[in-house]
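Visitor: Here's a sequence, model it:
(chains A, B, C and D)
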2 protein chains.
Amino acid sequence: MVARRDVFQAIADPTRRAMIGLLANKTLTINEVAGNFGMSQPAISKHMHILTECGLVVMVKIGREKHCRANLKGLEEVTRWTEQYRIFWNQRLDALEDLLNADND
Amino acid sequence: MVARRDVFQAIADPTRRAMIGLLANKTLTINEVAGNFGMSQPAISKHMHILTECGLVVMVKIGREKHCRANLKGLEEVTRWTEQYRIFWNQRLDALEDLLNADND
DNA sequence: TGTTTGTATAACCAATCGGTTATGCATTAA
DNA sequence: TTAATGCATAACCGATTGGTTATACAAACA
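Guide: Modelled structure (predicted):
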């Protein structure tokens, strides 16, 4: 009953992708993260919550501060999904071209 | 003013990811695609519209049929984004562990 | 011709999203 | 002890999402 949020959905938002970029090799507090975006602290907190729900960010509370760091193992799932289609990337879509030709006769 | 839909958002939906899987190496009509999912034809059409908007699916109209095929070059953008973080995947998050230890003293 | 088929579109719906402001609460500083 | 700080939560908001049913329309079939 974990109901963990989906990684694909988590990275669908550009703000959250930017947060991942920020925290990939730096540990920042919530406020320090917020300093990089032009939105309110609660908005930042919500994005960070989504990122922690799917494990892409880990937070450690120290006193009143929360120190955040990306934990990008979860991106492996995305890469695995996209990589299975790499063999199709440069495909010429001949079947579709045949259909186009069939359309012209 | 293209307002092309974002690939990250397009693949955020599991139904659309399944459609990509279906059409990666097969050309199917809209109705044939619909046959693989337990939802109405308009719902399928809308998903397919989103996939074509961002170029992940190409459609050729032949008579009253629309033949669809995945065009997965667009997934390269996703792989490029995830791959830049591969070096962090097996990182031990030492900085965070240090913080944890600092918390315990 | 009239009917069926393949698909799109409109109108609608509840749920979710991404933001806001206001407020509460625990921790630190004065 | 009191004030300030770091963050979360609640309540709200408009826009978007993902689905529905009803309908329209062009193409194919009878």
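Visitor: Other residues contacting the longest helix seen in chain A?
Guide: For chain A, the helix reaching the highest residue count under DSSP state H is reported as helix A:41-53. Taking Cβ atoms under 8 Å, 6 or more residues apart in numbering or on different chains as the criterion, the residues outside helix A:41-53 that touch it are A:4-5, A:10, A:13, A:15-16, A:19-20, A:30-31, A:33-34, A:37, A:57-59, A:68, A:70. (Each C-beta comes from the backbone N, C-alpha and C, glycine too.)
Visitor: Buried members of those into ChimeraX, please.
Guide: Listed next is the ChimeraX selection for buried residues among those, using 16 or more other Cβ atoms under 10 Å in any protein chain shown:
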select /A:5,10,13,16,19,20,30,33,34,57,58,59,68,70
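Visitor: Do a quick rundown of the strands in chain A.
Guide: If you assign secondary structure with DSSP state E, the strands in chain A sit at A:28-29, A:57-62, A:65-70.
Visitor: what lines up beside the last one in the sheet?
Guide: Okay, so that is strand A:65-70. Sheet pairing of strand A:65-70 (DSSP bridges) gives strand A:28-29 (antiparallel), strand A:57-62 (antiparallel).
Visitor: which of the contacts of helix A:41-53 come close to DNA strand C?
Guide: Near DNA strand C, taking Cβ under 7 Å from any atom of the strand as the test, the members of the contacts of helix A:41-53 found are A:13, A:15.
Visitor: Enumerate the residues of chain A near DNA strand D.
Guide: Neighbours of DNA strand D within chain A, by Cβ under 7 Å from any atom of the strand: A:29-32, A:41-42, A:45-46, A:48-49, A:59, A:64-67.
Visitor: do that again at 10 Å, thanks
Guide: Within chain A, the positions lying close to DNA strand D (Cβ under 10 Å from any atom of the strand) are A:9, A:12, A:28-35, A:40-49, A:52, A:59, A:61-68, A:103.
Visitor: Quick one, which of these are buried?
Guide: Those of these that meet the buried threshold are A:9, A:12, A:28, A:30, A:33-34, A:44, A:47-48, A:52, A:59, A:66-68, by 16+ other Cβ under 10 Å.
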